[in-house]
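Q: Here's my sequence, what's the structure:
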Amino acid sequence: MIKKKQRQTEYFNPNDILACRALSTRISDFLADSGQPSDSTVVLCIGTDRATGDALGPLTGSFLTEHNCPFKVYGTLKAPVHALNLRDTIHHIYDLFVSPAIIAVDASLGRPSDVGMITLSNAPLYPGIGVNKKLPAIGDISITGIVNLSGKPGMSLLQSTRLYTVSNMARFISDAILSSSTH
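A: Next up, the predicted model:
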């Protein structure tokens with residue numbers, strides 16, 4: 001009988017000078033637990049630059065690409081992965097990789113005390129849930145940046161998020177992913 005792994009979600013404060021290293025180490029740990037070789041690791045950065053808060057994924061993907069991330073990256077400012085092309089992108093990934101370890105990155109909405117935090121989980125990401133969209137769950141590892149408060153209306157909250165905040169969070173996530181590839 002296969003034992004189901006317990007979902008672990010951890011929170012990281014980008015303002016803590018040790019947080020990037022801690023996030024990087026945990027990403028490495030989760031990747032090691034996946035048992036997949038690093039050449040089958042995919043980073044799927046979800047979102048669109050049409051709503052500032054939702055640009056976390058594409059910004060992260062662009063930063064990773066600019067720094068020659070050794071993992072395959074999908075979702076950048078130039079070629080975003082969003083609600084309209086997510087399913088096709090997932091199919092494309094599984095056509096290219098037999099058994100990829102997927103790190104899914106997306107913006108999320110949360111409690112006031114969690115805004116600005118980064119989460120890491122060893123479970124799939126459910127994109128669009130904060131704005132009531134039904135999209136496929138994706139990822140063996142999920143990373144979210146809590147860019148604004150949850151509540152109604154979710155999309156206007158994403159649109160009113162400061163770009164400076166989102167950009168800093170995306171840089172933090174990309175730095176941690178890049179560092180995890182060298183562990």
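Q: Name the residues of the biggest helix by length in the chain that are buried.
A: Longest helix of the chain, by residue count under DSSP state H: helix 163-180. Across helix 163-180, burial judged by 16 or more other CB atoms under 10 Å covers 165-170, 172-180. Every C-beta, even on glycine, is put in place using the N, C-alpha and C of the backbone.
Q: One more: stretch 34-46?
A: Applying 16+ other CB under 10 Å to stretch 34-46 flags 34, 36, 40-46 as buried.
Q: just stretch 64-75 next, same as before
A: Residues 64-65, 69, 71-75 are the ones in stretch 64-75 that count as buried (16+ other CB under 10 Å).
Q: Stretch 136-144 now?
A: So, applying 16+ other CB under 10 Å, buried residues of stretch 136-144: 138-144.
Q: again with stretch 76-88
A: 76-77, 80-83, 86.
Q: Between the buried residues of stretch 136-144, which sits nearest residue 97?
A: The closest of the buried residues of stretch 136-144 to residue 97 turns out to be residue 140 (CB to CB; 11.9 Å).
Q: Wait, that closest one touches residue 125, no?
A: No. Look at residue 140 against residue 125 with CB atoms under 8 Å: they stay out of range, at 9.9 Å.
Q: Just list whatever residues bridge to the residue nearest the centre of the chain.
A: Centre of the chain computed as the mean C-alpha position; nearest residue by CA atoms, centre = their mean is residue 105, 1.1 Å away. With DSSP bridges as the criterion, residue 105 is bridged to residue 45, residue 143.
Q: didn't it look like it was pressed against residue 42?
A: No. Look at residue 105 against residue 42 with CB under 8 Å: they stay out of range, at 11.0 Å.
Q: Let's see the pLDDT reported for residue 3.
A: pLDDT, residue 3: 42.
Q: ugh, wrong one, residue 161
A: 86.
Q: wait, what's in contact with the residue lying closest to residue 48 once chain neighbours are set aside?
A: Nearest non-adjacent residue to residue 48, counting by CB to CB, 6 or more residues apart in numbering: residue 82, 4.4 Å away. Listed by CB atoms under 8 Å, 6 or more residues apart in numbering, the contact partners of residue 82 are 46-48, 54.
Q: Please identify which helix or strand holds residue 20.
A: Assigned by DSSP states H and E, residue 20 belongs to helix 19-34.
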